[in-house]
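1. Based on what follows, work out the 3D shape:
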Amino acid sequence: MLLRAGVALILLGCCLAQGWGKRGNNNSTRSPRGKGSRKHNWGDKMNEQQIGAFRKSLSHTNVDRFHAALDKMRERAAERIEPNEQEKAGMYERMKQMRPHTRTPRVRPDGDTLTEVNEKQGVSQNLYGGDMALDDPQVDVILGDFVEDDDSTDDDVAARKKRQAYRNSRYPANLWGSGSASPMVYYYFDGLTANAQKMAQLAIDFWQNSTCITFVKSTTNSNRIRFFTGQGCYSYVGMIGGTQDLSLGTGCDSFGTAAHEIGHALGFFHEQSRLDRDNAITVNFNNIPSDWVDQFDKETTSTNFNYGMPYDYGSVMQYGASSASSNRQATMVSKVPVYQDTMGSDKVSFYDISMMNDHYKCKAKCTSGATCVNGGFRNSKNCNSCICPEGWGGATCAERASGCGAALTATSTLQQASITVGSGQQTVQPTWAKCHHMITAPAGNKIEITLNTLQYQQCQEGCIYTGIEVKASLDHRLTGIRYCCSDDVGQKIISEGNIVPIITYNRYYQSTFTFSYRLVPSSTASTIQLAQFPSAGATYSTSTNPNTNGGGTGGGGTTVTCTDDANCVTWASNGFCTSSTYTAAQKKQYCPNKCNMCS
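-> Modelled structure (predicted):
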């Protein structure tokens, strides 16, 4: 997620494009990419005053050059990022497994999500990825292949050819504090509404309390962020230098949106743009208008660094599954179908926090202190305490998170639990009321969880107002499976391990969730296969396969027959058999039938 959806080791900056205010006949309609490309009339949903203010806020960007590059990129989007036929076939198969939802009406008239707000405000197509301004050096690095003018210097051209070197030349200078041990971000509010300022401060406090970064109010520091009421929600990426604008306009006054835009300002791009995103999602270009395809542009090895962390569907930098859709249908399809509604979260995920700590070298500050477990890490502001994955708490992340909820023990007998969470007020609350359950079964077992009832639903994409989150993966650092719709009642999950944290949360009225649970044998197939493919560097034991002689986890002595791993249906649909990451021997070992390698 760095560098675009992961952390952006932020190199860049950009400009916006041409044709401002030219409202044209059919050009004002949104058409799917497959209907043919067209140039966008930049600013065609803004009046002249709004256009002027928007351009002024992009003071680090040659706007016309930026927009010209975006136009060119959109024209060539298909050859860059459209999935192949096998990938699309797998996507359609997964879509058949997904439950149709009857969404509840919007809670906020200006839009419940950042992408809805920016579409309504008419700014999405005027920014990279729907909400990012790029300065001129960033335009050269990210959109360099599409810049066709004489403004570039010899250094710019060299940067395009050697993007990795260009990145290294600016990192860590593009971090706030330029890589110092105690990074400081200077900021001030300029004309924000009272609620937008409140949400911005909540998000600032969250990032400050979760990292080694200190935010300081200042209108005079040479490098600072100006939070202002602009046209929609957007930000520059990383520290640009001088005063850089971050807009929280109409509809942007929510914690999640503020945390997302601050994430950009600190160096994050979008999760769905990660270099490895094709292992986690398939982009459905049939549902994307031609002038929105850049929202799904994918990073390269030169612009994306994720600190070894996996793709997280619940990242606050991940757009919702139907973002930028021409028909309200999915533009992103999860390769693990049960995670479809986890995308579009308004909550900062644990991996977001962990990655930001790595990006700013916060973890290196604690050379001793608490021994954190369950994936937690030392808090750089108090090394004797830990920052824990949601669901876990205590000084070392060894306990259930405090507050409402309960520790539950699964047995072979079906048991039931119920919880009501929320303020009961029919207004959107600033943050979430939460309760935490922890279900444990004896080692060597898995846990079956069934959602029995869901009262007072808010069936919104990303479950942004209320939901129940089930962490069925072995990796509790990952965001769990989220349910928030009446259509989800009856859904059954089989965990990967014998411990399952469950988080229920609400920030609009209240919700009641009832779920049942019991232990099941470890041989029971898990509902999720979070690892889309086997680890490329590992070998798998075949001792449990009755048709295999020998065994063990080493590379030698394992006899492979034409019996597929239990996960091969999923792996094959995700492109394992055609992946260049794995050798022919590995494909034959894991999925000989699916990969047609039995002979």
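
2. in what helix or strand does residue 585 lie?
-> helix 584-590 (DSSP states H and E).

3. Dump the C-alpha coordinates for that helix into CSV.
-> This file holds the C-alpha atoms of helix 584-590, laid out as CSV (Å, rounded to 0.1, in the frame of the first residue of the first chain):
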residue,chain,number,x,y,z
ALA,A,584,6.5,-26.1,-13.0
ALA,A,585,7.6,-28.4,-10.2
GLN,A,586,5.7,-26.4,-7.6
LYS,A,587,2.6,-26.4,-9.8
LYS,A,588,2.9,-30.1,-10.3
GLN,A,589,3.3,-30.7,-6.6
TYR,A,590,0.3,-28.7,-5.4
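
4. What mean pLDDT does it get?
-> Mean per-residue pLDDT for helix 584-590: 78.

5. longest helix of this protein?
-> Ranked by residue count and defined by DSSP state H, the top helix of the chain is helix 194-210.

6. Please, where are all the helices along the protein?
-> 48-57, 63-75, 77-81, 85-96, 114-121, 136-142, 154-161, 163-170, 194-210, 255-266, 350-359, 568-573, 584-590.

7. Make a markdown table out of these and add mean neighbour count and distance to residue 245.
-> C-beta coordinates here come from the backbone N, C-alpha and C atoms, glycine included. Formatted as a markdown table, those follow (neighbours: other Cβ atoms under 10 Å; distance: least, Cβ to Cβ, whole Å):
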| stretch | mean neighbour count | distance to residue 245 |
| --- | --- | --- |
| helix 48-57 | 16 | 4 |
| helix 63-75 | 22 | 13 |
| helix 77-81 | 14 | 27 |
| helix 85-96 | 15 | 38 |
| helix 114-121 | 23 | 15 |
| helix 136-142 | 26 | 15 |
| helix 154-161 | 14 | 24 |
| helix 163-170 | 16 | 20 |
| helix 194-210 | 18 | 13 |
| helix 255-266 | 25 | 10 |
| helix 350-359 | 25 | 21 |
| helix 568-573 | 20 | 44 |
| helix 584-590 | 18 | 49 |
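
8. Residue 299 is nearest to which of those?
-> Smallest distance to residue 299 across the helices of the chain (Cβ to Cβ): 8.4 Å, for helix 136-142.

9. Domain boundaries for this structure, per the record?
-> As given by automatic domain parsing, the domain ranges for the chain are 1-100+113-365, 369-398, 407-521, 533-599.

10. Output the ones you listed as a markdown table; include the columns distance to residue 106.
-> As requested, the domains of the chain are exported to a markdown table (distance: least, Cβ to Cβ, whole Å):
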| stretch | distance to residue 106 |
| --- | --- |
| domain 1-100+113-365 | 8 |
| domain 369-398 | 27 |
| domain 407-521 | 8 |
| domain 533-599 | 34 |
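
11. So for residue 107, which of those sits nearest?
-> The nearest among the domains of the chain, by Cβ to Cβ, is domain 407-521 at 6.0 Å.

12. Report how far apart the opening and closing residues of that closest one are.
-> With Cα to Cα, to the nearest Å as the measure, domain 407-521 spans 21 Å from end to end.

13. Can you give the distance from it to the centre of its chain?
-> 21 Å (Cα atoms, centre = their mean, to the nearest Å).

14. now the helices of the chain as TSV including distance to residue 322?
-> Formatted as TSV, these follow (distance: least, Cβ to Cβ, whole Å):
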stretch	distance to residue 322
helix 48-57	26
helix 63-75	20
helix 77-81	18
helix 85-96	12
helix 114-121	9
helix 136-142	25
helix 154-161	34
helix 163-170	32
helix 194-210	24
helix 255-266	17
helix 350-359	22
helix 568-573	21
helix 584-590	33
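
15. between the ones you listed, which has the poorest average model confidence?
-> Among the helices of the chain, helix 163-170 scores lowest, at a mean of 36.

16. count of neighbours near the spatially closest residue to residue 488 that is not a sequence neighbour?
-> Once flanking residues are discounted, residue 488 sits nearest to residue 451: 5.7 Å by Cβ to Cβ, 6 or more residues apart in numbering. Residue 451 has 19 neighbours, counted by other Cβ atoms under 10 Å.

17. OK, contacts around residue 451?
-> 468, 483, 488, 489, 490, 491, 513, 514, 515 (Cβ atoms under 8 Å, 6 or more residues apart in numbering).

18. switch the cut-off to 10 Å
-> With contact set as Cβ atoms under 10 Å, 6 or more residues apart in numbering, residue 451 has these partners: 468, 470, 481, 483, 488-493, 513-516.

19. what's the answer for residue 218, then?
-> Residue 218 touches 184, 185, 186, 187, 188, 224, 225, counting by Cβ under 10 Å, 6+ apart.

20. that older thread, would you mind saying which of the helices of the chain lies nearest residue 505?
-> Nearest of the helices of the chain (Cβ to Cβ): helix 255-266, 12.4 Å.

21. how distant is the closest one from the center of its chain?
-> Per Cα atoms, centre = their mean, the centroid offset for helix 255-266 relative to its chain is 12 Å.

22. what's the following helix or strand after it?
-> Next along the chain after helix 255-266, taking DSSP H and E as the criterion, comes strand 268.

23. tell me what that next one is packed against?
-> Applying 3 or more Cβ pairs under 10 Å, 6 or more residues apart in numbering; DSSP states H and E, one finds that strand 268 contacts strand 2-7, helix 255-266, helix 350-359.

24. 7 Å instead, please
-> Here strand 268 touches strand 2-7, going by 3 or more Cβ pairs under 7 Å, 6 or more residues apart in numbering; DSSP states H and E.

25. What is the burial count for the closest residue to residue 360 other than its chain neighbours?
-> Closest residue in space to residue 360, ignoring its immediate chain neighbours: residue 183 at 5.4 Å, by Cβ to Cβ, 6+ apart. Using other Cβ under 10 Å, residue 183 has 22 neighbouring residues.

26. In contact with residue 183, which residues are there?
-> By Cβ atoms under 7 Å, 6 or more residues apart in numbering, the contact set of residue 183 is 175, 176, 177, 212, 213, 360.

27. what about it, distance to residue 471?
-> 31 Å (Cβ to Cβ, to the nearest Å).

28. ok, now residue 128?
-> 33 Å.

29. Could I get the pLDDT score of residue 227?
-> 99.

30. Could you list everything it pairs with in the sheet?
-> residue 189, residue 246 (DSSP bridges).

31. burial of it, as a residue count?
-> Neighbourhood size, residue 227 [other Cβ under 10 Å]: 25.

32. From residue 195, how far out is it?
-> Distance, residue 227 to residue 195, using Cβ to Cβ: 13 Å.
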